[in-house]
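Participant: Build me a model from this:
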Amino acid sequence: MRKAPEFVLIGMLALASLLVQACATQSGSGAGDEQMARTERIDEPVIKHIPPPEFGVTTSRTRPSMRAELSARNATGLPGGSLMDVLFDFDRASLRTDALPVLEANAKRLQKDGVTRLLLEGRGDEVGTAAYNMVLGDLRARNVKFYLQDLGLSVDLNTTSYGKDRPVCFQHSDDCMQKNRSVHFVVKE
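Facilitator: Below you'll find the predicted structure:
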């Protein structure tokens, strides 16, 4: 009769084990959750450019007083004309082929004028999140910096990103959005 309590104990342990597994599966911590998590995961969609419904309208989200302040901040700091901005394709940070002559002309002008400090301001257009455009603007500014360094420009080069928060152009149009997908040169003395 001594064996009966051992069988009861083993039976109770087996039953307890089955109950724990059943409860774990119902509470969402079972082995099937990993597979369920993989199938329920939704990847983030790629950012696509969607033109506004009334594309002919050139409105601005920026107040006139703020536009004047931003325009003043966007000045390059060079007398007698400004440096040209380097433009980028939508959602890209790589230099376009038409940007290379602009960079070479800007580098020559900076050397000719004896500029010693320069700030490269990376920007994005109004499409996408503020955080995404901040990173994209930073990548654009860094690519311009590296290219200017490869050209041999011996200037103190700093970069910053304003993302979509400090536009160069204020209308809601393709031309304006292209101007905002840029790196802007600001001379610091």
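Participant: and D113, how far is that from F146?
Facilitator: Shown here: D113 relative to F146, a distance of 22 Å by C-beta to C-beta, to the nearest Å. Glycine gets a C-beta too; all of them are placed from N, C-alpha and C.
Participant: likewise T97?
Facilitator: 16 Å.
Participant: quick one, which of those two is more surrounded?
Facilitator: Using other C-beta atoms under 10 Å, the more surrounded residue of T97 and F146 is F146, with 13 against 6.
Participant: Dump the helix or strand hosting that one to PDB, restricted to CA.
Facilitator: Secondary structure from DSSP states H and E places F146 in helix 130-150. Extracted in PDB, the C-alpha atoms of helix 130-150 (Å, rounded to 0.1, in the frame of the first residue of the first chain):
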ATOM      1  CA  ALA A 130       9.600  65.300 -38.500                       C
ATOM      2  CA  ALA A 131      12.000  62.700 -37.100                       C
ATOM      3  CA  TYR A 132      12.500  61.000 -40.500                       C
ATOM      4  CA  ASN A 133      13.200  64.300 -42.200                       C
ATOM      5  CA  MET A 134      15.700  65.200 -39.400                       C
ATOM      6  CA  VAL A 135      17.700  62.100 -40.100                       C
ATOM      7  CA  LEU A 136      17.500  62.500 -43.900                       C
ATOM      8  CA  GLY A 137      18.600  66.200 -43.600                       C
ATOM      9  CA  ASP A 138      21.600  65.100 -41.500                       C
ATOM     10  CA  LEU A 139      22.600  62.500 -44.100                       C
ATOM     11  CA  ARG A 140      22.300  65.000 -46.900                       C
ATOM     12  CA  ALA A 141      24.500  67.600 -45.000                       C
ATOM     13  CA  ARG A 142      27.100  64.900 -44.200                       C
ATOM     14  CA  ASN A 143      27.300  63.800 -47.800                       C
ATOM     15  CA  VAL A 144      27.900  67.400 -49.000                       C
ATOM     16  CA  LYS A 145      30.600  67.800 -46.300                       C
ATOM     17  CA  PHE A 146      32.400  64.600 -47.400                       C
ATOM     18  CA  TYR A 147      32.300  65.700 -51.000                       C
ATOM     19  CA  LEU A 148      33.700  69.200 -50.200                       C
ATOM     20  CA  GLN A 149      36.400  67.600 -48.100                       C
ATOM     21  CA  ASP A 150      37.300  65.300 -51.100                       C
END
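Participant: Show me what that helix packs onto, helices and strands only.
Facilitator: helix 99-112, strand 117-123, strand 156-163, strand 182-187 (3 or more C-beta pairs under 8 Å, 6 or more residues apart in numbering; DSSP states H and E).
Participant: need those in a markdown table with distance to D138 and mean pLDDT, can you?
Facilitator: Below are these laid out as a markdown table (distance: least, C-beta to C-beta, whole Å; pLDDT from 0 to 100):
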| stretch | distance to D138 | mean pLDDT |
| --- | --- | --- |
| helix 99-112 | 17 | 93 |
| strand 117-123 | 5 | 94 |
| strand 156-163 | 4 | 94 |
| strand 182-187 | 10 | 92 |
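Participant: If anything else comes up later, I'll come back, but that's it for now.
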